[in-house]
Structures are given as C-alpha cells and as structure tokens.
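S.K.: Everything below, folded, please.
(2 chains)
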Amino acid sequence: MVFLGGQVLPGNVGRAILGPFADQRAVDALNHSLGVDRPLLVQYGTWIWNFLHGDMGTSYIFRAPVAPFVIDALGNSLKLALIAFVLVVPIGILGGVIAALNLNRPLDRIISLGGLSVTVLPEFVTGIILILIFGVWLRWLPIAAAWPKGAGFFTQIYYLILPSLPLFLVLFGYIARMARSGMIEALDSDYTRTAVLKGLPWRTVIWRHVLRNALLPTITVIATQTGYLIGGLVVIETLFRYQGIGSLIFTAARGKDFPMLEAGILTIGIVYAVATLAADFLYSVLNPRIRLGAEQ
Amino acid sequence: MSKNYRILDLLRRGRTPLENHLIDGLVDGRLSRREFVRHGSLLGLSLPLLGRIGMAAGFGATPSLARAAGAAGGTIRVGSSVPAAAIDPVTIADAGGLLVMQQVAEFLCVDGPDLVLKPALAESWKPNADGTVWTFTLRKGVKFHSGGEMKAEDVVASIDRLADPANSSNALSVFSGILQKGNTKKVDDYTVEFHLDAPNGNFPYMVSSDNYNAVIIPASYKGDYEKSFDGTGPFKLEKYTPKVGASFVRNDDYWGDKALPDRTEFTFFTDIQPQILALQSGQIDIINQMPVLAGVALLNDPNFEIISLKSVAHQQLHMHCDEGPTKDARVRRAIALCLDREKLATGLMKGRAALGNDSPFAAVYPSTDTSVPQRKQDIAQAKQLMEAAGLAQGFKMTLTTERYLEIPEYAQLIQNWVKEIGIELELNILDQGAYYGDAVFGKSNWLDSAMGITDYGHRGVPNVYLAAPLKSDGTWNAAHFKNKDYDQMAASYIAALDLEAQKATAGKIQKLLLEETPVVFGYFYDYLTATAKGVTGVQPTAMSQLFLDKASKA
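M.R.: Presented below is the predicted three-dimensional model:
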C-alpha cells in the first residue's frame, strides 16, 4: 500500500535529491544508480525479499542503511511517549475521578472546562507558549529535546520534560473526560448502590467496584492514542528538534525516500498492534467477564 | 586627489590590452572605483594591485576590509537547516548540506559579500584575448586534511567530475554549454587551464563559491564523502550525525591565517521558528539564514544583530508568451505595471529588498545599466494597454505557485493589484514537490503553468538567470519566451570580457525585457543572518555559505 501510494506522488527520487534546477542527465544518472528506474514490480519484489531477510534496505537520500535511523527514531519516540504517558495517565485519571466525585461542583467545572480548553489548543500553540515561558524567559528547561551525547537517565528526562508537556495538555482533557464519564456511570450503577448499601467503606467501594469498571473505556482510549504518541508527533518533533519516528516518516515521504518511509510505517504499525494487544490484555485483567468467556 | 601618471605607467607595464582598457575606464571616470575593483578581480588582478592603481588614479587608499580581530578560542554555535540528502560535493543541492561541506572544503576563489571575487585555492587567474581559455594559478603548499598537497590534478579531477553527464552532478546545469568534461587541463603542478565551449567573460564565477558544488577535493575521491569529509579548509570535521548536527575543530595546518574558534558546532533544524527560539534562549549564537517574514521578531530586537547582505535572490513571475491572454506583450506589460514595487520592498519585505525592473539585472551588478528607467505602478497606463489588446473587460486566469518563503503573500498582493484592471486571478498554491514536479516540460506545474511564481537563489553574475529561464531553448523557460534578438544579446553579454561592453549589452537586454516582459522581477531580497550580540567576525554569503574562521564571541 505504502509502496504504491509513494509511487503516485509527484516527482521522482533523483529530482527530489538534486532539486528542480539540476540537469535532466544528472537526474537520470542518479535514478539509475539508485535503481529506481527499474520496473515497479522488480523494485517491490527486491524490497519485500530483503525485508523478509531482515534487511530494511538502504536510504535513497542518506545512502546509508535504513535500520539504524529507524531504530534510533523509534527509541526516541518511545522515550517521549513513555514520559508523556507516565505524566498524563495517572494525573488524567485522577482528574477525572476527582471531577466525577465532585459532580457539577466548581472543582468538576474547572477540571472539565480546563481540560477541554487545553485539549482543543493545537500542540504548536501550546508548545511555543511553553518554550517562551520555560525556555526563553525563565530559562529553566532546555528548549531542544536533543540531550548531549552520553547523557544519563535523569538528564534525558530533564530534556524531555518540556516536549512532553504539550502532549500532556492535549491528552489530559481527553483522558480526564473519559475517566469522568466512566466514573459517573459506575457511581450511578446498581452494583455501586448495592456495595454502598451492604455497608462497605466508601474507599473500598471506589477502589474495588467503581474504579475498576470506570477505567475500562479509558484504557481503550489510551491504547488508541499510542499510535498518535509514537508516529503522529511531527509538529512536536519539529518544534523541539527531536529525532522521532514521526518526523522521520514525514521527511522520508517528502523526499520520496521509499525504503525509509516503508520501514518507518511498518514499525509504527507493529508498535500500534503491540499497544492494542497490551490494552486487550489489561482489559481482560480488569474485566473478569472477558476472561471467563475465554475460559469457557 | 591628483592622478599620478608615472606610477600608473609603471603599473600598466606588462598588463594585457583588456586590463589596460579597464584601467583607462577608471582614469577617465567611466567606471566607479567599486566597478573597477569588482571587474578587475574578475579578470584576475590582485586586490593589492587594484588598490595601488586606484591610489595612482587619485582615489585614495582602499578602505581596509580587515576588522579588529576577535579573541581566539571558544565554540561558535550555529543553527542551520537539515542537510536534505547525503553530503556529496557532486550531488549536493540544498542550503543545509552545502553549508556543512563548505566548512571543510574550499573553492578556487570566493564570491564575497560585495560580489567581488577573492582568491582562495587559486592565487590568480586570467583569460586569453577572446575569453575562451582561462588560466588559473594555484596556491602552493596547500594541504588536504588527509595529508596530501593540493595540486593541479586535484583541481582537474574535481571540476571534471562535475562536468561529467554520467555523474549525477548538480553543477551540470552550470557547466552545460560552457565547460565539457576533459576540457580542464593541467599545465603544470600549479597551473590549470579551462578550455570553454564559447567565450565567457564571467567564467571565474563558475568555479567560485558561487557554484557551490565546485569545492576542490582529492583526485582520488570515489564517492561516499561522509566517510572522509576531506578538504583544505580552516576547519576539520569532528563529528557529523545526519539529521542532527555537525561539529568542526580548527585545522592547525591551514595555509592561511589559522581559525580563531577552537570549535564550531552546527545544529540542524527543520523549521525556522525553533531556530529563533534557540537563539533567543541562548542555545545557539547564529542563525545562518533567516527569512525576513519569519524573523520579524528579531529585526528590531537590540539583543540581536542582523547581517544583511544585498543579494540577487528573487521571485520570478512568469507568464506564458505562447498561449492565452498573456500571449500579447501588452497584457504582460499591463500586469507588470500593476505592481507597487516600493510597497513590496518596504512592506512585504520590511525594507530588506531592492526594486526589480523586470530583468535579471539587479542594481548590485556592476554591469547593470542604471540609466534604464525603473518601472513603476501605473494603473491608467495598464488599463490603456488592456484596452489596446482588446481585453478592456478583463479575463480570468490561474496563478500557480509554491508554498515557500513569502511567495503566498506575494501572490495575494498580485491578485489584489491586477483586480484593478479587471483580471481575476485564481491562486493555486502547491507544495514545493508538487509545483516543480519532474522539472521537465509537460511534467511540471512550474514549467507548464500559464502563470506562476518561482524562487531563484542568489548568483554573483546574471549569466544563469539570462540563459535557462529566458533563452528560447532554456530548460527553465517557464514563460515559453522565444525571441531570437534576445538569444543573441544574451550570448554576446555572456561572451563579453570588457565591463563597458557588458554594460552596453545589458542596457539593450533590459530594454527588450521591459518591452516583452516574459517575467516580472518585482524585487531582489536581501540575505539575512542573525547573531547574538557580541558575536563578531561572522562572514555569510548569499549562497548560504558561512565563513567562521574569524568569528569570536565576547
């Protein structure tokens, strides 16, 4: 699919590398040396064959193997996504729970409205504002996510705080709202009333009965956001000069660097599949009905 | 100041007739000293000699270009665009990549910020009588970072490699019709001759930094430049990480003055906004190239300095001369008369641009005939022309262009201006890849659109602009302009060795292009480099090169 899609895009690889003002003879020579003037089926066959043998191919643009680029970028993306997750999931759920427990009171309004407001702001707006505040005026945090070579774990986290904040803002409202509505529904349900009526302490009711049920839809939402967090951060990566897989794919698509593009998209696909699988697994842990169904 | 003819006579001795004619021009007052220095340097006269002639002709001492030297040491940090492809002198085509390459490798001569050629790896050069053979004398004792001495073989191989059609050379379009593979000849270890296809008065620019591919690297180079990063420059590569950055250290074996900074560090950015934020937060010292619209915030900020170079970079508005309403030259002139060029320069470009007069002859070129009147906005005359063409009621057409720099805003201004004479323009603004397409006729929005705007980078001489976009057989002739008189004039301009002959032909070309107006040249925009306060000695060129050997920061 990606392979075919890429071929339909205007321009050709040699042209993309040499630019519009290069002599046509030079472009033809470059296309020939890259092998992109061969029939499509031959190119596709070669690529699939190599990929199945663990060779992701050689980048047209960088004239170097693709694998190190993709692996580095994936590692970077995972780090950023992980930090954003660690920040946003507990805080988002907590926010939703607090809001639901204070339904229609000022605290609920502040969390819901505030969460929604920051969610609708695009990352490039919140990103620039955050950079201006923490990077340019206060100078507390580095504005580029590229940490120095050989930096330790905590230094890396320090460099990643600022880029993960806009992601936090985008996702917080979303997760908090899901958690809130799940909580409201669960609080309203018969089993909660039963649990309260049979005299369980409030804390136990919330922990064992409400939260467990309320979080199910939230987990699904979080899982579907993984794809975005790994591959969809082109804007954040550009703004914070971060070498993630989103910008890798973006520049590869622009430069018609198919080996890079295909490897990148396949990688995101795999990550997405793994994340969905993990979410299903977690779902079954939290929801015994699914588990029992499987055992029967 | 009086003229000292005795010294002048001494200095004239042994000079060629062409050189003596140039000196006559200065003595008789037909040439300004600036024109004299620039053209003299093109003909291969050394700057000290040009200075002595100027003194003898009564012009006083040449102002010294040397600035107070900054302190040595430290690391200069630069923000630049990401090299778009593997760094290779043969194929390189983008600003980010050529900047990295130019940190380690050098040219035969350098086209400075004042468009005056300065010797680098070549000490001097001179043409034969008709400008078909140019002889370059190389500097002795220049060492490559890999150890060997730079000699004529390396120059021959470096230039031949670029002139070879089988080599994916990005410089092929520069050498096409000028210099063929095999015509760069070694005379001895330190002398090289270029045998050209036709007379060419501006040839040294084609092997200067103006032709950014033309760096001199060892003859043994076989590709994969990123493995060696070999060159003769004042800095050596320390580390290069694709898409991330590069760092360089001082080359202590450099043939000239040793570089002041211990190190330089380049950080690559995919966008200009993060570069501006990085400069503001003190994480970089220099933004190599800052588009004026994006950099408005820095232009008036006292914490930063803007180095503004007069450049010849511009946007060409082409109109098809072979079909549709713009087939009529009167309609093309009418459209050109709608533009308020003063407003373009002061408003759109914040005063960082010079007016264009619908030809590639920008005012900064010494060969430009400045007596040709500047075209100004004149709606009444434009309406008359439309009426004469039988199109008083106006017409509709599409303006196709690329999303790049200020072009979309420029297109909107044009759309508003031509409304006044009844022309309704529909804008079709495309991604750069989609606009250029395959960059050949029939497969490119750029070359096939009835009207379009295209960005052209800076060149130290107008030769390239005069040929490919305007000649009848030009490969970038998006206007489909075919005019035999023009072709002849362009050829004779390119051949002319003498500044006054160039000027005379330039005047004719300027008038013909004003009459025909296949392309509207609205303005020529400056090249801006931003630095933090206290950073000195930074020398950019309008070709995106950046010389840091004299840079220092307080």
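
S.K.: Next, the contact list for whichever residue of the stretch 351-500 of chain B sits closest to chain A, please.
M.R.: Going by C-beta to the nearest C-beta, chain A is nearest to B:Y436 of the stretch 351-500 of chain B, at 3.8 Å. The C-beta positions use only the backbone N, C-alpha and C, and glycine is treated the same way. Listed by C-beta atoms under 8 Å, 6 or more residues apart in numbering or on different chains, the contact set of B:Y436 reads A:11, A:15, A:20, B:402, B:444-446.

S.K.: so how many other residues sit close to B:L22?
M.R.: B:L22 has 26 neighbours, counted by other C-beta atoms under 10 Å in any protein chain shown.

S.K.: what residue ranges in chain A score low on pLDDT?
M.R.: Within chain A, the segments meeting pLDDT under 70 span A:1-11, A:290-296.

S.K.: Export only the CA atoms of the strand or helix carrying A:A16, formatted as CSV.
M.R.: A:A16 belongs to helix A:13-18 when elements are defined using DSSP states H and E. Taking C-alpha atoms only, helix A:13-18 is exported to CSV below (Å, rounded to 0.1, in the frame of the first residue of the first chain):
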residue,chain,number,x,y,z
VAL,A,13,13.7,10.4,-6.3
GLY,A,14,16.6,11.8,-8.3
ARG,A,15,14.7,15.1,-8.8
ALA,A,16,13.9,15.3,-5.1
ILE,A,17,17.6,14.9,-4.2
LEU,A,18,19.1,17.1,-6.9
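
S.K.: any bit of that helix sitting next to chain B?
M.R.: Yes - contact between helix A:13-18 and chain B, assessed by C-beta under 8 Å from any C-beta of the partner chain, occurs at A:14-18.

S.K.: Now do that helix: everything it contacts.
M.R.: A:22, A:26-31, A:34, A:36, A:60-61, A:254-258, B:84-85, B:91, B:93, B:168, B:170, B:433, B:436, B:438-439.

S.K.: Same check on stretch A:186-202?
M.R.: For stretch A:186-202, the surrounding residues in contact (C-beta under 8 Å, 6+ apart) are A:100-101, A:204-205, A:208-211, A:213-214.

S.K.: same thing but 10 Å
M.R.: A:100-101, A:103, A:185, A:204-216 (C-beta atoms under 10 Å, 6 or more residues apart in numbering or on different chains).

S.K.: could you flag which of the residues you listed are buried?
M.R.: Those of the contacts of stretch A:186-202 that meet the buried threshold are A:100-101, A:205-206, A:209-211, A:213-216, by 16 or more other C-beta atoms under 10 Å in any protein chain shown.

S.K.: picking that back up, biggest separation within the contacts of B:Y436, which pair?
M.R.: A:R15 and B:E402 (14.3 Å; C-beta to C-beta).

S.K.: B:G474: how many residues sit nearby?
M.R.: 18.

S.K.: again with B:Y435
M.R.: B:Y435 has 27 nearby residues by other C-beta under 10 Å.

S.K.: In contact with B:T191: list those residues for me.
M.R.: With C-beta under 10 Å, 6+ apart, B:T191 has these contacts: B:122, B:135-138, B:152, B:155, B:185.

S.K.: Just the pLDDT for it.
M.R.: B:T191 carries a pLDDT score of 97 in this model.

S.K.: ok, which stretches of the stretch 151-300 of chain B are helices?
M.R.: For the stretch 151-300 of chain B, the helices defined by DSSP state H, counting those that start in this stretch cover B:152-163, B:172-175, B:272-280, B:296-299.

S.K.: isn't B:T541 right next to B:K310, touching?
M.R.: No - look at B:T541 against B:K310 with C-beta atoms under 10 Å: they stay out of range, at 11.6 Å.

S.K.: Mutual contacts of the two, please.
M.R.: B:113, B:115, B:458, B:527.

S.K.: before we move on, back to that, can you tell me which of the contacts of B:T191 are buried?
M.R.: Judged by 16+ other C-beta under 10 Å, buried ones among the contacts of B:T191: B:122, B:135-138, B:152, B:155.

S.K.: Settle it for me: which of B:T541 and B:K310 has more neighbours?
M.R.: Ranked by neighbour count (other C-beta under 10 Å), B:T541 and B:K310 place B:T541 first, with 24 against 19.

S.K.: and B:Y523, that's in a helix?
M.R.: No - with DSSP: H, G, I helix; E, B strand; the rest coil as the criterion, B:Y523 is assigned strand and is not in a helix.

S.K.: Which residue is the nearest non-sequential neighbour of it?
M.R.: With sequence-adjacent residues excluded and distances taken as C-beta to C-beta, 6 or more residues apart in numbering or on different chains, B:Y523 is closest to B:A353, at 4.2 Å.

S.K.: go on, B:A95?
M.R.: B:S544 (3.8 Å).

S.K.: Next: B:V440.
M.R.: A:Q24 (5.9 Å).

S.K.: got it, and B:F107?
M.R.: B:S209 (4.7 Å).

S.K.: Let me see the ranges of the strands in the stretch 51-200 of chain B.
M.R.: Remark: strands assigned in the stretch 51-200 of chain B by DSSP state E, counting those that start in this stretch are B:75-81, B:109-111, B:117-119, B:122-127, B:133-138, B:184-188, B:191-195.

S.K.: and the ones you listed, which is most packed in?
M.R.: Highest mean neighbour count of those: strand B:109-111, a mean of 24 (counted as mean count of other C-beta atoms under 10 Å in any protein chain shown).

S.K.: next SSE after the host helix or strand of A:I129?
M.R.: Using DSSP H and E, A:I129 maps to helix A:123-130. The first helix or strand that comes after helix A:123-130 along the chain, using DSSP H and E, is helix A:153-188.
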